[in-house]
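# Curious how this folds, go ahead:
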Amino acid sequence: MQAAMTLTPAHRETSARVAERARAVRRNVPEVAAAITRDVRASIPRYDAPGTRRVLDEAVSTALHRFLDAVDGAPHRDRGVEELFRTLGLTEARAGHSLSDLRAAVHIAVSCSWQFLRRTEAESGSGQPIRSDIADAVIAFADHLVAEADAGHAEGARRRDGDSLRARARLAESLLTGAPTLPDDHDAWPVPSTVLVAVVELPDGERPDLSALGRTALIVREGDRLVILADSAHREQVVETVAAAGTGRIGLATAPTQSAVPAAFRWGRRVLQMVQRGVIPEARVVDAADHLTQVWLHAEPGLRQALVQEKLKPLLAETPNSREILSETLLVWLETRDSAPAIAAHLGVHPQTVRYRWKRINELFGEALREPEFIVQITMILKASVPLWKAGDQSDFERFQTSDQA
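Modelled structure (predicted):
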């Protein structure tokens, strides 16, 4: 970057005497630089670290020469001091530091420089008052360097935030996909021992404000949904913040270990899908922990469909109305093993209606209803399928009709 510090007319003494004095003190730059760096290191211990000393020495020496370049009025090569201080500001930001230490260092440098200039002026014996003009020039130059550092710091903060977001996105992807090792920058978010995974539906085009979660959670976009990873101890805060942001349904699942995060992610998505299909009752917040059996039973849709066709063929051959009432009655009996009056009370019908239905169920399945393995199988199949049928999903019956006609 080609940049030059330009002093305003009010800050530049253009007389030959000032230029001559600037050239005369240039040989003392090493002495002044040593005094400045000594005082800076004594006042700011962080700048006394081995890795920082060289940078400090270079910044002080370059700034002193550049200042003398500006006041002696002669053409000089670009010493890159603006770029140097911009880089210093950027480096401080990337390290997460404010510019308070750098500002303090510049203040020390101004004080040391002014003391030196005042002493050399007194020693010159000229007796002519140029001190205030030089003081203005020193302060203007220091302000110029601080402004460059400010610009670099702002840029560094933007880069740091961008790097942090990218690092957090990489970490989230690794956790959600079950990568065997986390990225090197996984300290971007300390992974808690128990991870809450929240899958959030987003209305079209909405960008909810979740800044209240701060940096305590990982938030990534997945199509028309958001995925939030947080410490399970912050469950209430996550739910309240997301709900207040005006999002859609929220599917929750908890991973007891880091390796279980991918499974929790699947469960969070699955419970939302089952709400959409009518398998799980409509709710704003759906916790997979409350529906684990259904999550399990719907883990492999193709297998459920195949078992329906194999085990419930007599029921599929009934009329739509008969299928509905018989499957519902059979499922209640399988789950409760209650008497006809108890089942009737559960279904809201007369006991004699239940007895009639039970007679028809026995006609359909016969002796199979006395086989323990068959009972276990159809219990699971009906538990997974009846909610679908009641929600209007007719795919099982359509598949049966197609295969029956083939």
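
# mean confidence score for stretch 249-257?
Average pLDDT, stretch 249-257: 94.

# should've said stretch 217-235
Rounded mean pLDDT across stretch 217-235 is 89.

# Buried residues in it, which are they?
Applying a neighbour-count criterion of 16 or more other C-beta atoms under 10 Å, one finds 217-220, 225-232, 234-235 buried in stretch 217-235. For glycine as for every other residue, the C-beta is placed from the backbone atoms N, C-alpha and C.

# Likewise for stretch 54-67?
Using 16+ other C-beta under 10 Å as the test for burial, stretch 54-67 gives Leu56, Ala59, Val60, Ser61, Thr62, Ala63, Leu64, His65, Arg66, Phe67.

# and which of those is nearest Ala289?
Leu56 (56.8 Å; C-beta to C-beta).

# Isn't the closest one up against Ala34?
No. With contacts defined as C-beta atoms under 8 Å, Leu56 does not count as touching Ala34, sitting 11.2 Å away.

# Can you pull the residues that touch both of these two?
Counting by C-beta atoms under 8 Å, 6 or more residues apart in numbering, Leu56 and Ala34 have no common neighbour.

# Quick check: which element contains Gln352?
Gln352 is part of helix 351-365 when elements are defined by DSSP states H and E.

# For that helix, which outside residues touch it?
314-315, 318, 322, 325-326, 329-330, 333, 340-341, 343-344, 347, 369.

# in it, what's buried?
By 16+ other C-beta under 10 Å, the buried positions in helix 351-365 come out as Thr353, Val354, Arg357, Trp358, Ile361, Leu364, Phe365.

# how distant is it from the center of its chain?
Centre-to-centre, helix 351-365 and its host chain are 57 Å apart (C-alpha atoms, centre = their mean, to the nearest Å).

# Return the distance of the helix or strand immediately after it in the chain from the chain's centre.
Sequence-wise, the next helix or strand downstream of helix 351-365 (DSSP H and E) is helix 372-390. Remark: helix 372-390 is offset 41 Å from the chain centroid, using C-alpha atoms, centre = their mean.

# With stretch 204-216 instead?
For stretch 204-216, the distance to the chain centre is 10 Å (C-alpha atoms, centre = their mean).

# Now do the buried residues in it.
In stretch 204-216, counting by 16+ other C-beta under 10 Å, buried: Pro208, Leu210, Leu213.

# which one of those residues sits closest to Asn28?
Using C-beta to C-beta, the buried residues of stretch 204-216 come closest to Asn28 at Leu213, 56.5 Å.

# Next up, the contacts around the nearest residue to the closest one once chain neighbours are set aside.
Nearest non-adjacent residue to Leu213, counting by C-beta to C-beta, 6 or more residues apart in numbering: Thr241, 5.6 Å away. Contact analysis of Thr241 by C-beta under 8 Å, 6+ apart lists Leu210, Ala212, Leu213.
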